[in-house]
Structures are given as C-alpha cells and as structure tokens.
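Peer 1: Build me a model:
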Amino acid sequence: MGVRESDRWKTAFTCHRDLFQYNTVPFGLKNAPSVFQRLIDRILGSLRWSHAVVYIDDIVIASDSVAEHVKALDTLLTNATRAGLKFSPSKCTFAVPSLVLLGRKVSGARIAVWRDRAKAVSALSRPMTLRELYHVLGLFGYYRAFIPKYAELAAPLTQLTKGWRYEADTAGRYRLIDTEGSVVSADRIPVAWEAAQQHSFDTLKKAIANPPVLAHPDPARPFVL
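Peer 2: Model prediction:
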C-alpha cells in the first residue's frame, strides 16, 4: 500500500546512515490499520458479509458448496490482483472444514477456544500490578462468551480497577488517571490480592482452559432473551 508522494515527508525518520521516508505504508503508523481495512473492504466488494468477513489481514470465505467457494475465491483474487495486492501462499489455507481465527477454532457447526490459547491461559501467573491486571482482564474478557456468568465471576478482579481510568492526552497517548485525577504509571501500582481475587482468577483460568463449544445461531429456531 503506497504513500502519496506529497505525504511521504510525514513518515520521515533519521538514523546513522541518513534521512529516509517511506514509499509504502509501514507497520506502526497510527492510521495504517484503518486505511488498510478500508482497502480490503473495497477489494472484497459484494463478497463482504455475504461470503466473506475480514479483520485487517485475516480474510475468511465461507460457502455452502465447493462450487460457490471457488467462485468467491476467484472474485477475491481477481479484485486483489487489480488492486496490486498479493497473498503469500504459505499463509493461505483453501477449502478446509475448520480453521483458527483470532484465537478461536471455527467450523460450519461450532466455535471453540483454540487449544494453544487455552493452554497459554492455564499458565498465567496472577497479576502483581494494575497494568498486569488490565492485561489479564482483557484476555479473560475476550473469551467471555465461553464463560457463563462471566461478569459475576470476574467481579472481584474488576472491582480492583474501580476509580481508575485511562484517557488520551493531546498527543493521542493513553495514560492512567488515579482516583484523585493524577497521572500515574500502572506498572508501579500493586493490586490488593486476597482470597476472593485468587478464587476469581483461578475460576476464570479453569473456565477458559476447559471451555464449552458454542454452536452457531440457528435462525430457524426461537431465540430466548
């Protein structure tokens, strides 16, 4: 994905060799993910949501038949070629009944937590600082669909974040604000860890390590809210 020539100076950086600027969009630019997402959305065209879903550079095509799958793939690859986009064969998988997507194993019948991710969660150590707690809660929350009564189970942990908040400064960097409105470092804030927090932590780890398998919604059956 190229950078417009008149905008390349905005990407300039210096090192021991000289002053350089990017001709193509590198990793790390603040608006790169959203721009790339819009490009992929345009490439998918009519396939988007009808046969394909995409998250940044993860594109999944789901079809009811092989013939339908081949047709959708042909449309995707043709549109990508026109846009000058290439796919690495080693990172592509074609015509499979299931695949790992964003930490989940997805098939036409069900969704499950990826085994390797569940194993990694089982090895988690308890958070010692507020920053570590935020990271742990983010990980647990990502799999909350697999954990019945998640909010209730996680309450002893989420209560430790009460009164704290993250906000963006004028440069767009996020900073942690304490209960008195002062900027603090989350790395330096120990968390008050008691039996309730340990029980919550252990229960959530166990739930993700041994999760249920979720079925896809069936529009032909009644939904209970």
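Peer 1: Which residue ranges make up each domain of this protein?
Peer 2: Listed domain ranges for the chain are 5-112, 116-215 (source: automatic domain parsing).
Peer 1: Show me which of those domains has the highest average neighbour count.
Peer 2: Stretch with highest mean neighbour count among the domains of the chain: domain 116-215 (a mean of 14; mean count of other C-beta atoms under 10 Å). From N, CA and C alone the C-beta is placed, and that goes for glycine too.
Peer 1: How far off centre is it?
Peer 2: Here domain 116-215 is found 16 Å from its chain centre; the criterion is C-alpha atoms, centre = their mean, to the nearest Å.
Peer 1: do the same with stretch 77-84
Peer 2: The chain centre lies 26 Å from the centre of stretch 77-84; the measure is C-alpha atoms, centre = their mean.
Peer 1: for stretch 23-42, same thing?
Peer 2: Centre-to-centre, stretch 23-42 and its host chain are 16 Å apart (C-alpha atoms, centre = their mean).
Peer 1: now for that stretch, what's the gap between its first and last residues?
Peer 2: Distance between the two ends of stretch 23-42: 22 Å, counting by C-alpha to C-alpha, to the nearest Å.
Peer 1: what does stretch 179-195 give?
Peer 2: One end of stretch 179-195 sits 24 Å from the other (C-alpha to C-alpha).
Peer 1: quick one: contacts of it?
Peer 2: Contact partners of stretch 179-195, identified using C-beta atoms under 8 Å, 6 or more residues apart in numbering, comprise 126-134, 160, 163-164, 175-178, 197.
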